[in-house]
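Participant: A predicted structure for the sequence below; I have some questions about it.
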Amino acid sequence: MDHTLAILTPASLAAVAAVSGMAALVQLVLLKRRPPAERERRRRLEVNARGRLVCGMALELQQDVLHYSYSVGGAEYSAAQDVSALRHLLPPEPAGPVLVKYLPSNPANSIVVCEQWSGLRKQKGAAAG
């Protein structure tokens with residue numbers, strides 16, 4: 001009698017599935033352990049790389065949060081972006097017209113500024129670079 005397939009019992013298949021599931025869960029938990037600032041940086045860079053442009057309006061800067069609004073496909077969005085890591089890229093008064101980048105798959109996921117791009121207008125009298 002051939003016992004080659006005898007090791008593939010329902011119990012052993014369930015054990016293999018459980019081990020695979022645990023490995024996937026551990027990997028997911030480790031990926032989610034990124035610090036919030038790093039997750040936000042990666043989100044900004046993804047929106048910058050894959051986003052579409054639309055005109056918007058920067059409303060105000062409160063502490064380290066830039067509030068802005070924009071419209072996509074007739075839907076109005078009000079958003080806020082944490083710019084604490086990007087303060088050096090902001091003009092003194094960021095309120096006014098801006099360009100907004102958003103993800104077409106989720107238009108609420110948007111940015112006005114990131115490490116590699118800015119939709120903020122240049123201030124009058126600023127030196128061109």
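Facilitator: Happy to help now that I have it. Residues are numbered from 1 along each chain as shown.
Participant: how long is stretch 49-67 end to end?
Facilitator: With C-alpha to C-alpha, to the nearest Å applied, stretch 49-67 spans 22 Å between its terminal residues.
Participant: now that stretch: buried residues?
Facilitator: Neighbour counts over stretch 49-67 (16 or more other C-beta atoms under 10 Å) mark Gly51, Val54, Gly56, Ala58, Leu59, Leu61, Leu66, His67 as buried. Bear in mind the C-beta positions are built from the backbone N, C-alpha and C, glycine included.
Participant: pick the one among the residues you listed closest to Glu76.
Facilitator: Among those, Gly56 lies closest to Glu76 (C-beta to C-beta), at 10.4 Å.
Participant: follow-up on the earlier one: from the buried residues of stretch 49-67, which two are the most distant?
Facilitator: Pairwise over the buried residues of stretch 49-67, using C-beta to C-beta, the maximum falls at Gly51 and Leu61, 21.3 Å.
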